[in-house]
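>>> can you look at this prediction? I've put the sequence above it.
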Amino acid sequence: MAFWQLTRLRVVYPALLFFLLFVDGSLMAGMGGILTAFPWYILPTLTLVWLFYAVQFEVDKDMPFWLYVILIGILFDMYYTGIFGTYTLAFIAAVAVMKQLHKILDERLLSGISIFLIGLIVYLVVTYGAGFIIGIANVSLVTFFAFEVLPTAVLNIIVVTICYYPTWSLFQFLK
Amino acid sequence: MRKIFSSRAVVTIIISLIVIVGLIAGSNWWAKRTNTPPFFQRFGNDLAGGVSRIISVPTTAIGRSANSIGNLLDTFEENRELKSKIDEFAQDKVRLQTVEEENKTLKNQLKLKATLTDYKTVSAVTISRSPTTWQSQLVINKGLKSGLKKGMPVLSGAGIIGRISEVNTTNSKVALISDTSEDANRFAITIKGGNGDVNGIVTNFNREKNQLIMSQVTSENQIKAGDLVETSGLGGVIPAGLYVGKVSSVTRDDYGLSKRVNIEPAADLGNVTTVVVAVSQIGAQ
């Protein structure tokens, strides 16, 4: 592999990761009426989807992946909540779990969806736990799972499925 | 037997967890104490806000067109209804209705204008909203430069939606009333009861019912469902007369000693594209 090819992935991947972080916020603001229509509370997690693709298509080995995960977590915390630690931990935990699962499962779409689903649940549960630490959790666990985790999983799995093969092709092209 | 975790890994995990919990609790405590975040954080947030502003252009456009499509469907329904009314009533009655409608909206607008005189307003556009489980905050495109300060009330459409929770140089964050953290919705309110006003403070938000809660009400004044709730202006930062919502039900607390008032907020927290920050003239130093 030529050096410039390695660099191409190293530039494009974090650039898109950075871009998607803001797309999540913009989607939440632009489509808030639909995403937070009572009693539903749906989160767009395109950033996590992008991290999942790196794990699933094994491009994480070609770049300083953990550094990107930590940096995106810190940026997320800084820009969106102003409280450091929550999303940094959530991203790290979700990626670590997805990486472990990837060793067991293969690259088929259904396996990919299962890996992502578990990663997403870990991500959301960590944020729920962090809410408890600072005393702002005001929703019962049942409501949280029924009205937030479930619809969020449905929406993001649809996104994962639609973009699965295009992303795979993109990574093949960049590799 | 093969060990899943080495003792070193366990120690590392425990230490990192302690550090992260400390970081979460510490930065939360720090954020509550300070008006503006430290320089680095503010600089980063201003930079991120700039990027966000560019990205929000297409997504907001998509969101707006989705809303317009919704409105367009409503328009179709409305049109059909009106047409059927035209068949039923004479032309003059339709005309009367339109004039009455117009008069009503104009009156409403005048009333809002009258309460607006107590404070200065700064209008802003929402550039982002945190895609987070808790603390769903809006990022608006006005900051220190426009004279915003932490704690100022933010209005949108029908009523109050939250308070400024963090001020950067060119953008600020708005903690929504649906957020339980103390700086988001603990404001002084007054209920316009049948036989006198009832003053109190918003103490919580019930996310499962989408209602604000005002507890520990000991006043004997009668409160009934449908009574209007507005800010009382006590405390100085939030001006009086900002519409909060309507009383939905009144219950006794767990010990039966005081009343608990559930309030239906007037503002729709979902679709917030533009906001107005109310800068109290009394509170302004």
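Received the coordinates, thanks.

>>> lowest confidence element among the helices and strands of chain B?
Sorted by mean pLDDT, DSSP states H and E, the helices and strands of chain B end with helix B:182-185, the least confident at a mean of 66.

>>> could you find the closest non-adjacent residue to B:G194?
Of all residues not flanking B:G194 in the chain, B:Q222 sits nearest, at 4.9 Å (Cβ to Cβ, 6 or more residues apart in numbering or on different chains). C-betas here are computed from N, CA, C, even on glycine.

>>> what's the answer for B:G44, then?
Here the residue nearest B:G44, using Cβ to Cβ, 6+ apart, is A:M78, at 5.5 Å.

>>> could you confirm the one you found falls within a helix?
Yes. Under DSSP: H, G, I helix; E, B strand; the rest coil, A:M78 falls within a helix.

>>> who are the neighbours in contact with it?
The contact partners of A:M78, taken as Cβ atoms under 8 Å, 6 or more residues apart in numbering or on different chains, are A:F84, B:Q41, B:G44, B:N45, B:A48.

>>> show the pLDDT at it.
Per-residue pLDDT puts A:M78 at 89.

>>> for chain A, what is the nearest residue in chain B?
Closest to chain A within chain B is B:G63: 3.0 Å, counting by Cβ to the nearest Cβ.

>>> OK, contacts around that residue?
With Cβ under 8 Å, 6+ apart, B:G63 has these contacts: A:A29, A:G30, A:M31, A:G32, A:G33, B:T273.

>>> can you add secondary structure, distance to B:I238 and pLDDT and give the residues you listed back as TSV?
Output for these, formatted as TSV (DSSP: H, G, I helix; E, B strand; the rest coil; distance: Cβ to Cβ, whole Å; pLDDT from 0 to 100):
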residue	secondary structure	distance to B:I238	pLDDT
A:A29	helix	24	85
A:G30	helix	28	82
A:M31	coil	30	83
A:G32	helix	24	81
A:G33	helix	26	79
B:T273	coil	23	82
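
>>> buried ones in the strand or helix carrying A:T88?
Here A:T88, judged by DSSP states H and E, is contained in helix A:86-104. Within helix A:86-104, the residues scored as buried using 16 or more other Cβ atoms under 10 Å in any protein chain shown are A:86-95, A:97-99, A:101-102.

>>> out of those, who's nearest A:T47?
Distance to A:T47 across the buried residues of helix A:86-104 (Cβ to Cβ) is lowest for A:F91, with 7.7 Å.

>>> quick one: the helices in chain A?
A:3-30, A:32-35, A:46-56, A:65-76, A:86-104, A:109-133, A:141-144, A:150-174 (DSSP state H).

>>> out of the ones you listed, deepest packed?
Mean neighbour count (mean count of other Cβ atoms under 10 Å in any protein chain shown) peaks for helix A:46-56 among the helices of chain A, with a mean of 24.

>>> excluding its backbone neighbours, what's nearest the residue of chain A found nearest chain B?
In chain A, the residue that lies nearest chain B is A:G30 (3.0 Å; Cβ to the nearest Cβ). In space, and not counting its chain neighbours, A:G30 is closest to B:G63: 3.0 Å by Cβ to Cβ, 6+ apart.

>>> show the pLDDT at that neighbour.
Model confidence at B:G63, given as pLDDT, is 71.

>>> and what about it, helix, strand or coil?
Going by three-state DSSP: B:G63 is helix.

>>> next, work out how far apart it and A:L170 are.
Distance, B:G63 to A:L170, using Cβ to Cβ, to the nearest Å: 26 Å.

>>> try B:T274
36 Å.

>>> same check on B:A175?
From B:A175 to A:L170 the distance is 38 Å (Cβ to Cβ).

>>> within range of chain A, give me the residues from the stretch 51-200 of chain B.
Taking Cβ under 8 Å from any Cβ of the partner chain, the part of the stretch 51-200 of chain B that reaches chain A is made up of B:51-52, B:55-56, B:59-64, B:66-67, B:126-139, B:165-166, B:173, B:179-181.

>>> pull out the buried members of those residues.
For those, a burial check counting by 16+ other Cβ under 10 Å picks out B:51-52, B:55-56, B:59-60, B:63, B:67, B:126-139, B:165-166, B:173, B:179-181.

>>> just the ones of these in strands?
B:T126, B:I127, B:S128, B:R129, B:Q137, B:L138, B:V139, B:S165, B:E166, B:K173 (DSSP state E).

>>> redo the residues you listed as TSV? Include distance to B:Q211 and pLDDT.
Below are these laid out as TSV (distance: Cβ to Cβ, whole Å; pLDDT from 0 to 100):
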residue	distance to B:Q211	pLDDT
B:T126	23	88
B:I127	29	88
B:S128	26	89
B:R129	21	90
B:Q137	20	87
B:L138	20	90
B:V139	26	91
B:S165	21	87
B:E166	26	87
B:K173	24	90
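
>>> quick one: contacts for the residue nearest in space to the middle of chain A?
The residue lying closest to the centre of chain A (Cα atoms, centre = their mean) is A:L48, at 0.8 Å. Applying Cβ under 8 Å, 6+ apart, one finds that A:L48 lies in contact with A:F91, A:A94, A:G119, A:L120, A:Y123, A:N156.

>>> quick check, the fifth one in contact with A:T88.
Spelled out, it's A:Y123. No. Taking contacts as Cβ atoms under 8 Å, A:Y123 lies outside contact range of A:T88: 11.6 Å.

>>> so where do the strands sit in the stretch 1-150 of chain B?
B:119-129, B:137-140 (DSSP state E, counting those that start in this stretch).

>>> what helices or strands is the longest one leaning on?
Secondary-structure packing of strand B:119-129 (3 or more Cβ pairs under 8 Å, 6 or more residues apart in numbering or on different chains; DSSP states H and E): helix A:3-30, helix B:39-88, strand B:137-140, strand B:274-280.

>>> could you export the ones you listed as TSV, including distance to B:A25?
TSV is the format used below for the helices and strands packed on strand B:119-129 (distance: least, Cβ to Cβ, whole Å):
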stretch	distance to B:A25
helix A:3-30	24
helix B:39-88	17
strand B:137-140	19
strand B:274-280	29
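
>>> nearest to B:P239, out of these?
The nearest among these, by Cβ to Cβ, is strand B:274-280 at 4.3 Å.

>>> can I get the CA coordinates of that closest one in PDB?
Taking C-alpha atoms only, strand B:274-280 is exported to PDB below (Å, rounded to 0.1, in the frame of the first residue of the first chain):
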ATOM      1  CA  THR B 274     -35.800  30.900  16.200                       C
ATOM      2  CA  VAL B 275     -35.800  32.100  19.800                       C
ATOM      3  CA  VAL B 276     -36.100  35.400  21.600                       C
ATOM      4  CA  VAL B 277     -33.900  36.000  24.600                       C
ATOM      5  CA  ALA B 278     -35.600  38.300  27.200                       C
ATOM      6  CA  VAL B 279     -33.000  40.700  28.800                       C
ATOM      7  CA  SER B 280     -34.600  42.100  31.900                       C
END
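
>>> which helices and strands sit right next to it?
Strand B:274-280 packs on strand B:119-129, strand B:137-140, strand B:153-156, going by 3+ Cβ pairs under 8 Å, 6+ apart.
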